[in-house]
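**Student:** My questions are about this predicted structure, shown below with the sequence.
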Amino acid sequence: MLASAFLLSLLFALPASAQDPLALDFTGKESLDIGTSTSEIAITSDFSGADLTIFGALANTDQLLLAIGQYDVVVTLEGPSDWTTVRRKERLFGIWVNRSSMTFEQMPISYSLASTRPVEQISAARELTSRNIGIDHLALTPTGYISTAANLAEFRDAFRRLKQSQGLYQRDTNGVRFVSSSLFKATLRLPANIPDGVHMVHAYLFKSGEFIAEKELPLRVIKTGLEEAITEAAHEQPLLYGLFAVLTALITGWLASLVFRKD
């Protein structure tokens, strides 16, 4: 019931040209609009992940092409960006040590994708890469010296593999479905270790493999309670936070020695 009400409100919120069939002939260009089930996610001590629902509406579509599946929608959620370093361990004198590394410029810490079908079937790889659509098409731009193209490819694959194993990079190739001729719904899974900060929801519309339109909305992920206090202390008062952490460790160790001391 709530989802239906949200879809109706989204439809009525569209411009008049998107609701009046007679007006569609004057513009002729497809467009889309989106809304999210919430604009803010609160991370508490028992946060174990959540689902984010995105509702959308298409306008000015060709009903015949829509009926035969020539329209595709891709929805992504990109977390805050940061420099990311991938290190490779090698065995040296019987000990595993970091021997080489590569740093990538401003990559999203988390990335979730939902689409009507696999993105490789939606559009050409060049188009997907130019718009950073899909885990395999994100612009992994390295810094510093690069020995060989094979070395770069190896570190890129390692980056994607690590992110996916941590649950921070996810994709659902059937995560977008049409609930009517012009309304669609997408569900993105937010992992328990999702970073706080401003995330961006992107929705992309394709017709017969051609990019048509894009919409985006911000999503705030914030820490609350004890987590928020610890995070603020670590960033705003790092010296006091470090001293407090050391003091807490000393007291904990001393109390443990008293409890487990043998007379």
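**Tutor:** Arrived safely.
**Student:** Can you give me the neighbour number for residue 219?
**Tutor:** Neighbours of residue 219 under the rule other CB atoms under 10 Å: 21. Quick note: C-beta positions are derived from backbone N, CA and C, even for glycine.
**Student:** Check the gap between the residue nearest to it when sequence neighbours are not counted and residue 110 for me.
**Tutor:** In space, and not counting its chain neighbours, residue 219 is closest to residue 199: 4.4 Å by CB to CB, 6 or more residues apart in numbering. Counting by CB to CB, to the nearest Å, the gap from residue 199 to residue 110 is 7 Å.
**Student:** Could you tell me which residues touch both of these two?
**Tutor:** Residues touching both residue 199 and residue 110 (CB atoms under 8 Å, 6 or more residues apart in numbering): 77-79.
**Student:** ok, of the residues you listed, which one's closest to residue 203?
**Tutor:** Among those, residue 77 lies closest to residue 203 (CB to CB), at 10.4 Å.
**Student:** quick one: what helix or strand has the closest one in it?
**Tutor:** In the assignment (DSSP states H and E), residue 77 maps to strand 71-78.
**Student:** And that strand, what does it pack against?
**Tutor:** Secondary-structure packing of strand 71-78 (3 or more CB pairs under 8 Å, 6 or more residues apart in numbering; DSSP states H and E): strand 50-59, strand 111-115, helix 119-122, strand 176-178, strand 183-190, strand 197-207.
**Student:** 7 Å instead?
**Tutor:** Packing partners of strand 71-78 (3 or more CB pairs under 7 Å, 6 or more residues apart in numbering; DSSP states H and E): strand 50-59, strand 111-115, helix 119-122, strand 183-190, strand 197-207.
**Student:** what would those look like in CSV with mean neighbour count, mean pLDDT and distance to residue 244?
**Tutor:** Formatted as CSV, the helices and strands packed on strand 71-78 follow (neighbours: other CB atoms under 10 Å; pLDDT from 0 to 100; distance: least, CB to CB, whole Å):
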stretch, mean neighbour count, mean pLDDT, distance to residue 244
strand 50-59, 20, 94, 31
strand 111-115, 24, 96, 34
helix 119-122, 18, 95, 47
strand 183-190, 20, 93, 30
strand 197-207, 20, 96, 24
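**Student:** Tell me which of those lies nearest to residue 249.
**Tutor:** Of all the helices and strands packed on strand 71-78, strand 197-207 sits nearest to residue 249, with 28.6 Å by CB to CB.
**Student:** So what's the gap between whichever helix or strand comes after that closest one and the chain middle?
**Tutor:** As assigned by DSSP H and E, the chain's next helix or strand after strand 197-207 is strand 210-223. Averaging C-alpha positions (CA atoms, centre = their mean, to the nearest Å) puts strand 210-223 10 Å from its chain's average.
**Student:** CA atoms of strand 210-223 as PDB?
**Tutor:** This file holds the C-alpha atoms of strand 210-223, laid out as PDB (Å, rounded to 0.1, in the frame of the first residue of the first chain):
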ATOM      1  CA  GLU A 210      21.700   4.000 -26.500                       C
ATOM      2  CA  PHE A 211      22.000   6.200 -23.500                       C
ATOM      3  CA  ILE A 212      19.000   8.500 -23.200                       C
ATOM      4  CA  ALA A 213      18.800  10.200 -19.700                       C
ATOM      5  CA  GLU A 214      20.200  10.200 -16.200                       C
ATOM      6  CA  LYS A 215      18.900  11.300 -12.800                       C
ATOM      7  CA  GLU A 216      20.600  11.500  -9.400                       C
ATOM      8  CA  LEU A 217      19.700  12.000  -5.800                       C
ATOM      9  CA  PRO A 218      21.800  12.300  -2.600                       C
ATOM     10  CA  LEU A 219      21.500   9.800   0.300                       C
ATOM     11  CA  ARG A 220      23.000  10.600   3.700                       C
ATOM     12  CA  VAL A 221      24.400   7.700   5.800                       C
ATOM     13  CA  ILE A 222      25.100   8.900   9.300                       C
ATOM     14  CA  LYS A 223      26.300   7.200  12.500                       C
END
